[in-house]
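Engineer: model this:
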Amino acid sequence: MPTTARCWIRRRPTCPRAACRCWPSSGPAPARGAARRPRALGWLLRRQEANGSWYGRWGVNYVYGTWCALCALAAAGLPPEAPPVARAARWLAYVQNPDGGWGEGGDSYRLDYAGHAWAPSTASQTAWALLGLMAAGAVETRAVARGIAWLVDHQRADGLWDEPQHGHGLPRVFYLRYHGYARYFPLWALARYRNLRAGGSGRVAFGM
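Structural biologist: A predicted model of the protein is given here:
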C-alpha cells in the first residue's frame, strides 16, 4: 500500500471503507496475511447496519461504503445468497431513485441523523451502486439494467458526465468536489457490466 494511504488509515479510526479497499485490491491472499482475514471479515460483518448497508468515508456515504464492503465480501468468497450479501444488495435496490440512478446527500453525516439521505442521482454514486450490485452477483437484475441505462442516457456528447454536487473529504469537516469521480467511476461500471455479461460468469473474481 502506498505510504500516503497508510498514513491516512493510521490517522483515522478503522472504518469499513479502509478495510475493504485494502482487502480486495490485493488479489489472492499472500500466506503472511491469510491468517488475519477471518478476523477482518468478522469485523466487517459486525459493522453492517441493520438495513444491510455500511457507513462510508471519503465518498458519500452509505452507497459508497456498501459498494466497498460488497467487493470485500466477494473477495472473501461469500456467495450472492449469503445473508450479508443479499441484505446489502436488497438495500441498494431499495434506495435506487425512480429515474434509475442513485444519489445520496451529505445530510447522512449529520450527528442527529442515521441512514441514507435521498438526493438526486449522480454519475459517481450510480456507478458505486452498480459496482456493488455486480460484486453481489446481481448483474442480470432490473436494478442494474436501469442504472446502466441512466449512465448511458446521461453521458454527454464528449463521453463524460456532469456532476455539480460536492463530495466530502472527512465527514462534517470539509467537503469538496472530486473532479475525477464523474469521469472514471461511470466508465468503470459500464466496463464491468460489459465484461461480466460477455464472460457469462456474472461474478467478480477479485478487485474493486
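Engineer: Mind telling me what element the closest residue to Asn51 other than its chain neighbours is part of?
Structural biologist: Excluding its sequence neighbours, the residue lying closest to Asn51 (Cβ to Cβ, 6 or more residues apart in numbering) is Trp91, at 5.4 Å. The way it works is simple: take the backbone N, C-alpha and C, and place the C-beta from them, glycine included. Taking DSSP states H and E as the definition, Trp91 sits inside helix 83-94.
Engineer: For that helix, name the packing helices and strands.
Structural biologist: Here helix 83-94 touches helix 62-75, helix 123-135, going by 3 or more Cβ pairs under 8 Å, 6 or more residues apart in numbering; DSSP states H and E.
Engineer: Please render these as CSV that adds distance to Ser201 to the earlier fields.
Structural biologist: Below are the helices and strands packed on helix 83-94 laid out as CSV (distance: least, Cβ to Cβ, whole Å):
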stretch, distance to Ser201
helix 62-75, 12
helix 123-135, 11
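Engineer: Distance check, the closest residue to Tyr64 other than its chain neighbours against Arg194.
Structural biologist: Using Cβ to Cβ, 6+ apart and skipping the chain neighbours, the partner closest in space to Tyr64 is Gly56 (3.8 Å). Note on Gly56: its distance to Arg194, by Cβ to Cβ, to the nearest Å, is 26 Å.
Engineer: Check the spacing between the most centrally placed residue in the chain and Pro84 real quick.
Structural biologist: Central residue of the chain (Cα atoms, centre = their mean): Trp67, 2.1 Å from the mean position. Counting by Cβ to Cβ, the separation of Trp67 from Pro84 is 14 Å.
Engineer: before we move on, what about Thr126?
Structural biologist: 23 Å.
Engineer: likewise Leu131?
Structural biologist: For Leu131 relative to Pro84 (Cβ to Cβ), the value is 17 Å.
Engineer: more crowded one of these two?
Structural biologist: Taking neighbours as other Cβ atoms under 10 Å, Leu131 and Pro84 compare with Leu131 leading, 22 against 18.
Engineer: Show me the contact partners of stretch 193-202.
Structural biologist: For stretch 193-202, the external contacting residues (Cβ atoms under 8 Å, 6 or more residues apart in numbering) are 130, 134, 137, 139-140, 144, 148, 203-204.
Engineer: ok, back up a step: who has more neighbours out of Gly56 and Arg194?
Structural biologist: Using other Cβ under 10 Å as the criterion, Gly56 and Arg194 rank with Gly56 on top: 26 against 11.
Engineer: Touching, the more buried one and Gly65? I think so.
Structural biologist: Yes. In this structure, Gly56 is within contact of Gly65 by Cβ atoms under 8 Å, at 2.7 Å.
Engineer: I'm done for today, thanks for sticking with me.
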